[in-house]
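*Asks:* Give me the fold of what follows.
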Amino acid sequence: MHTTNLLSRLRRSSTAPDAPVARPTRTRPLATFAAGVVLMSVALTGCAVGASTTTPTTAATTSTTTSASASTSTTASTGTSATTTTQTITDTAAAAEAFLATLSDEQREAVLYDYDDETKTTSWSNFPITFVERAGLNLADLTDEQKTAALTVLQALLSDEAYQTVSDIMAGDAYLSEYSSSTDADVLGQYYIAFFGDPSDTSAWEVQFGGHHLGINATLDGSTDAITFAPTHLGVQPADFTDDSGTEVQPFEGIYTDAFAFFDSLTAEQQATLTSGDVSMCAPGDTCDFETGAGLTGADLTDEQKQLLLELIANWAGMADEQTTADALAKIEATLDETVIAWSGETVYDMTTGDGINFSISGPNVYIAFQAQQGSAGADVSGVTTSGWGHVHTIYRDPSNDYANSVEQQAATGMAGGPGGGAPGA
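*Replies:* Numbering: from 1, shown residues only. Coordinates of the predicted model:
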């Protein structure tokens with residue numbers, strides 16, 4: 001998706017959606033790292049909760065290919081063209097400097113923070129901005145030139161697939177803002193960008209970008225040639241909708257596909273251990289104990305099953321170039337035998353039935369939680385599922401390296417006063 005298309009999704013539409021069309025089958029690039037070959041795909045999404053008003057939702061496993069004109073654009077490069085961490089850091093820093101050059105002195109002051117400013121931990125959440133004030137500049141307050149420059153930072157940072165997922169999450173918020181009965185409709189489409197530390201290809205700094213259903217915290221360090229996306233929140237609501245161009249959008253299609261590819265690879269005995277485990281959840285923007293509990297461990301898996309699990313993890317850890325993804329997965333794989341996976345909810349990928357799935361992946365170098373929200377939080381749309389399958393919160397964290405260890409996570413400002421008192425169900 002081009003930047004101009006993403007810009008249009010930041011504006012509220014005044015037309016009704018067309019009938020759904022099928023979504024093309026997803027394809028993914030391959031990345032090789034020391035331990036073997038891992039499929040690297042990234043899919044992120046936006047979220048809201050709702051009493052289910054189900055509409056037939058075709059599972060990804062049965063989706064059919066449509067013409068290029070009817071599907072979300074995947075032919076043009078939308079994300080970074082970099083293949084190495086060094087190139088991504090250099091390109092992102094350059095894009096950030098170009099964005100800063102479009103700003104007034106007052107705007108520059110608002111978007112720039114010290115690298116170790118604790119605001120980076122307290123200014124993001126799954127809660128709307130009415131509960132948690134975001135850091136930086138609201139894209140809604142920028143000129144089109146400035147918005148384009150801001151989104152170019154994301155394009156330089158993210159892979160094509162990750163950028164597409166982010167765009168689809170934002171499209172979901174725009175869709176809810178236009179068509180739902182949510183009392184928070186006016187704030188769903190607001191997204192903020194902030195930099196912690198001066199953009200550089202030789203020292204550490206962070207890009208923070210997000211809103212209600214999205215919270216990206218990417219630390220880039222040219223001195224160590226490293227990028228981490230821990231912590232990052234991806235959410236989705238709805239999980240399947242038709243945008244104003246008549247294109248069916250499924251922001252979490254890739255995550256669901258990967259999750260069930262892993263689940264379906266397990267034996268009946270392994271599945272029984274997995275589903276009898278303890279699924280945990282850390283609320284986005286909150287502190288976390290990184291609970292492990294009972295479940296299936298990486299040591300219980302075959303090599304093939306481990307690769308499928310790493311492919312699932314790559315949806316969060318592998319949002320940039322191939323080298324960055326390979327490095328992140330190699331670090332996670334090194335302690336995979338000590339990592340515990342637990343699952344609850346449905347065991348068949350069929351979004352037309354049941355209440356969705358929940359799982360957690362907890363180990364020394366990775367914590368991922370995926371939770372279906374049972375309720376729409378007022379974001380009800382006639383004929384569209386905005387609960388369960390259609391409303392999901394996720395969190396990715398690295399217990400050993402959150403924020404590249406520059407700060408310690410604190411609860412986001414206002415979370416205690418938000419819906420659910422800081423619980424992840426909002």
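*Asks:* Show me what the lengthiest helix in the chain is packed against.
*Replies:* Counting by DSSP state H, the longest helix found in the chain is helix 160-179. On a contact count with 3 or more CB pairs under 8 Å, 6 or more residues apart in numbering; DSSP states H and E, helix 160-179 meets helix 3-9, helix 144-157, helix 185-188, strand 214-221, strand 232-236, strand 248-249. C-betas here are computed from N, CA, C, even on glycine.
*Asks:* Mind putting the ones you listed into JSON lines with distance to Gly378?
*Replies:* Shown next, in JSON lines, are the helices and strands packed on helix 160-179 (distance: least, CB to CB, whole Å):
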{"stretch": "helix 3-9", "distance to Gly378": "21"}
{"stretch": "helix 144-157", "distance to Gly378": "28"}
{"stretch": "helix 185-188", "distance to Gly378": "9"}
{"stretch": "strand 214-221", "distance to Gly378": "19"}
{"stretch": "strand 232-236", "distance to Gly378": "16"}
{"stretch": "strand 248-249", "distance to Gly378": "21"}
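*Asks:* so of those, which one's packed in deepest?
*Replies:* Mean neighbour count (mean count of other CB atoms under 10 Å) peaks for strand 232-236 among the helices and strands packed on helix 160-179, with a mean of 30.
*Asks:* strand partners of that one, parallel vs antiparallel please.
*Replies:* strand 214-221 (antiparallel), strand 388-397 (antiparallel) (DSSP bridges).
*Asks:* what residues does the shortest one touch?
*Replies:* So that's strand 214-221. For strand 214-221, the external contacting residues (CB atoms under 8 Å, 6 or more residues apart in numbering) are 44, 46, 88-89, 92-93, 120, 124-126, 157, 166, 169-170, 191, 203-210, 226-235, 284-285, 319-320, 403-404, 406.
*Asks:* next structured bit after that strand?
*Replies:* Going down the chain from strand 214-221, the next helix or strand is strand 226-228, by DSSP states H and E.
*Asks:* Now do that next one, average pLDDT.
*Replies:* For strand 226-228, the per-residue pLDDT values average out at 98.
*Asks:* neighbouring strands for it, and are they parallel or not?
*Replies:* strand 214-221 (antiparallel).
*Asks:* Now do the partner strand, average pLDDT.
*Replies:* 98.
*Asks:* now that strand, how far from the centre of its chain.
*Replies:* Taking the mean of its C-alpha atoms, strand 214-221 sits 11 Å from the chain's own mean (CA atoms, centre = their mean, to the nearest Å).
*Asks:* same question, stretch 125-134
*Replies:* For stretch 125-134, the distance to the chain centre is 16 Å (CA atoms, centre = their mean).
*Asks:* which residues does Asp221 form a beta bridge with?
*Replies:* Beta-bridge partners of Asp221, counted by DSSP bridges, are Ala204, Ala226.
*Asks:* Now do the strands in the stretch 51-200 of the chain.
*Replies:* 112-113, 137-138, 192-196 (DSSP state E, counting those that start in this stretch).
*Asks:* Pick the most buried one from these.
*Replies:* Greatest burial across the strands of the stretch 51-200 of the chain, using mean count of other CB under 10 Å, falls to strand 192-196, with a mean of 24.
*Asks:* Tell me which other helices or strands it touches.
*Replies:* Secondary-structure packing of strand 192-196 (3+ CB pairs under 8 Å, 6+ apart): helix 85-101, helix 105-111, strand 112-113, helix 119-122, strand 137-138, strand 204-210.
*Asks:* remind me which residues of the stretch 101-250 of the chain are low pLDDT?
*Replies:* 182-186 (pLDDT under 70).
*Asks:* before we move on, what SS does the residue nearest to Phe260 when sequence neighbours are not counted have?
*Replies:* Spatial nearest neighbour of Phe260, excluding adjacent residues (CB to CB, 6 or more residues apart in numbering): Tyr349 at 4.2 Å. Three-state call for Tyr349 (DSSP: H, G, I helix; E, B strand; the rest coil): coil.
*Asks:* So Tyr349 sits against Asp258, correct?
*Replies:* No. In this structure, Tyr349 is not within contact of Asp258 by CB atoms under 8 Å, at 10.6 Å.
*Asks:* need the contact list for Asp264.
*Replies:* Contacts of Asp264 by CB under 8 Å, 6+ apart: none found.
*Asks:* who's in contact with His398?
*Replies:* For the record, residue 398 is Asp, not His. Contacts of Asp398 (CB under 8 Å, 6+ apart): Thr228, Ala230, Pro231, Asn365, Val366, Tyr367.
*Asks:* could you redo the last one with a cut-off of 6 Å?
*Replies:* Asp398 makes contact with Ala230 under the criterion CB atoms under 6 Å, 6 or more residues apart in numbering.
*Asks:* Tell me the buried residues in stretch 393-408?
*Replies:* His393, Thr394, Ile395, Tyr396, Arg397, Asp398, Asn401, Asp402, Tyr403, Ala404, Ser406, Val407 (16 or more other CB atoms under 10 Å).
*Asks:* one step back: the longest helix of the chain to strand 214-221, inter-axis angle?
*Replies:* Relative orientation of helix 160-179 versus strand 214-221 (axes from the mean of the first three to the mean of the last three CA atoms, to 10 degrees): 150 degrees.
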